[in-house]
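Undergrad: what follows is a predicted structure for the sequence shown.
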Amino acid sequence: MKTLVRDLEPRLVRAAKGFGAIVLTGPRRAGKTFCLRHAFPSASYQLLEDPETIARVRSDPRAWLDELKLPVIIDEVQHAPELLQWIRARIDRAPAKNGQWFITGSQDFALMKGVTESMAGRAAIFQMLPLSAHELDRWDLLRGGYPEVWQRPKLAADWFRSYVQSYLERDVRDVTHVKDLGVFRRFLSLAAMRSGHLLNKSELAQPLGVSVPTIGQWVDVLQTTGVVQLVHPYFENFEKRLLKTPKLYFNDAGLLCHLLGFDSLKALEKTTLIGQVFETFVASELVKQQLSNGLERAIYYFRDEQGLEVDFVVPRDSGQVELIEAKWTKTPTPPMAKPIGVLLEKLKGRGFGTVICRGARDRPERATLAPDVKAVSVEAAFQNVG
């Protein structure tokens, strides 16, 4: 596999010219460290995972920082978040020196709290998910986007199994005090079955024999470590009562397929799960596209109590919104655009619709299904970044 330059890299380079620190968060093994080392090859490197190193940082942070050669990449800072206040002090002492500190973390929310408190105005903050379809110039539901899976595709099953085990033993224990990792592993599988569905904590709690508040804490863990995202409903005055419950999506379709027990697309296509796996993939790609363009995460869904549902609602320029349906088909038809059409009428000219589907050699990448609604292949939908 050739070296891939991440879509976010040019933005990191530009930001380093105007900020003392760059903070890059995202799930473990998503490619954060490689991206920073590729973008800033002259930077030294420190990994905060060795217990001895962490102990030194905590016992004498000044001495540890004095030994560093700037600029420096400090990897996995969530293991010693107190270090941020000491870095802030050094940035303040030399405010004219930009691009000296490059910091990564695999626990977004916990780290962001530290950044907010310690480095407000001193750090440019970015998020990175695994490789996108645009970066790979291809896509595969079972492989997902983790770089190491694409480097060694024949070992994908072993990699995902090791990833889950490492995730449970390291990240989960770092974020919360889970008494029984086996129960949490079962929770992970149950959550995978519900990717693309409304988050029903009671349904998850009952078979595991845990409380609803515990499920809430565990969902927070999955969010904090970048494994899942919650997509909230789009609140607009459509003169109807709307559901308020968020939908849960895994951030990587490959990890989702592993947790569901699928190792071939043929086997997955024989089940009803193929639709929600593809919908999960589209949700992830939409967010990757936004993050790579330096935008905030902003995807929603629409569902009212009368049953009208549209998979995704994405705000676009000039007050427009894009209504998106994800369909695992090579033959999109006008009926697939019907929910979008109904909702477009209520938007009164402030939106347009897209049915994202699989590409086909004998069909154009974009085709009109209904007024203001086009069928678009995955390749065409996610080709524009920058």
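TA: Done, it's in.
Undergrad: which residues does the residue nearest to residue 131 when sequence neighbours are not counted contact?
TA: Sequence neighbours aside, residue 145 is the residue nearest to residue 131 in space, at 4.0 Å (criterion: C-beta to C-beta, 6 or more residues apart in numbering). Placement of C-beta: from N, CA and C, glycine included. By C-beta atoms under 8 Å, 6 or more residues apart in numbering, residue 145 lies in contact with 30, 129, 130, 131, 132, 136, 252, 253, 254, 284, 288.
Undergrad: what about the nearest residue to the third one once chain neighbours are set aside, distance to residue 358?
TA: With C-beta to C-beta, 6+ apart as the criterion, residue 130 has its nearest non-adjacent residue at 3.2 Å, and that residue is residue 145. Residue 145 sits 18 Å away from residue 358, going by C-beta to C-beta, to the nearest Å.
Undergrad: ok, now residue 291?
TA: Distance of residue 291 to residue 358, given as C-beta to C-beta: 24 Å.
Undergrad: the more surrounded of those two?
TA: The residue with more neighbours, out of residue 291 and residue 358, is residue 291; 21 against 16, by other C-beta atoms under 10 Å.
Undergrad: can you give me the buried ones in the helix or strand where the more buried one lies?
TA: Using DSSP states H and E, residue 291 sits within helix 273-292. Within helix 273-292, the residues that count as buried by 16 or more other C-beta atoms under 10 Å are 273-274, 276-292.
Undergrad: centre of the chain to it, how far?
TA: 9 Å (C-alpha atoms, centre = their mean, to the nearest Å).
Undergrad: with stretch 367-376 instead?
TA: Distance, centroid of stretch 367-376 to centroid of chain: 28 Å (C-alpha atoms, centre = their mean).
Undergrad: measure that stretch end to end?
TA: One end of stretch 367-376 sits 7 Å from the other (C-alpha to C-alpha, to the nearest Å).
Undergrad: use 42 as the first number from now on
TA: Right, with 42 as the first residue, what we last looked at is stretch 408-417.
Undergrad: in that stretch, what's buried?
TA: Neighbour counts over stretch 408-417 (16+ other C-beta under 10 Å) mark 410, 411, 413, 414, 415, 416, 417 as buried.
Undergrad: what's the closest of the residues you listed to residue 258?
TA: Checking the buried residues of stretch 408-417 against residue 258 by C-beta to C-beta gives residue 417 as the nearest, at 38.7 Å.
Undergrad: beta partners for that closest one?
TA: With DSSP bridges as the criterion, residue 417 is bridged to residue 397, residue 407.
Undergrad: for it, list the residues it contacts.
TA: Each residue near residue 417 by C-beta under 8 Å, 6+ apart is listed here: 395, 396, 397, 398, 406, 407.
Undergrad: save those as JSON lines, and put in distance to residue 266, neighbour count and pLDDT too.
TA: Shown next, in JSON lines, are these (distance: C-beta to C-beta, whole Å; neighbours: other C-beta atoms under 10 Å; pLDDT from 0 to 100):
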{"residue": "395", "distance to residue 266": "31", "neighbour count": "23", "pLDDT": "97"}
{"residue": "396", "distance to residue 266": "32", "neighbour count": "25", "pLDDT": "97"}
{"residue": "397", "distance to residue 266": "27", "neighbour count": "26", "pLDDT": "97"}
{"residue": "398", "distance to residue 266": "31", "neighbour count": "24", "pLDDT": "95"}
{"residue": "406", "distance to residue 266": "35", "neighbour count": "15", "pLDDT": "76"}
{"residue": "407", "distance to residue 266": "37", "neighbour count": "12", "pLDDT": "85"}
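Undergrad: want to throw the residues you listed into JSON lines with distance to residue 257?
TA: Below are the contacts of residue 417 laid out as JSON lines (distance: C-beta to C-beta, whole Å):
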{"residue": "395", "distance to residue 257": "33"}
{"residue": "396", "distance to residue 257": "34"}
{"residue": "397", "distance to residue 257": "31"}
{"residue": "398", "distance to residue 257": "35"}
{"residue": "406", "distance to residue 257": "42"}
{"residue": "407", "distance to residue 257": "42"}
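Undergrad: how about the helices in the stretch 192-341 of the chain?
TA: 197-207, 214-216, 222-234, 242-249, 253-265, 294-301, 306-310, 314-333 (DSSP state H, counting those that start in this stretch).
Undergrad: and those: which comes nearest residue 122?
TA: helix 214-216 (10.9 Å).
Undergrad: just how off-centre is the closest one within its chain?
TA: A distance of 19 Å separates the centroid of the chain from that of helix 214-216, by C-alpha atoms, centre = their mean.
Undergrad: just the buried residues of stretch 408-417: which are in helices?
TA: The members of the buried residues of stretch 408-417 all map outside helices under DSSP state H.
Undergrad: from those residues, which land in strands?
TA: Residues of those located in strands (DSSP state E): 410, 411, 414, 415, 416, 417.
Undergrad: residue 136 should be in a helix, yeah?
TA: No. The assignment for residue 136 by DSSP: H, G, I helix; E, B strand; the rest coil gives coil, which leaves it out of any helix.
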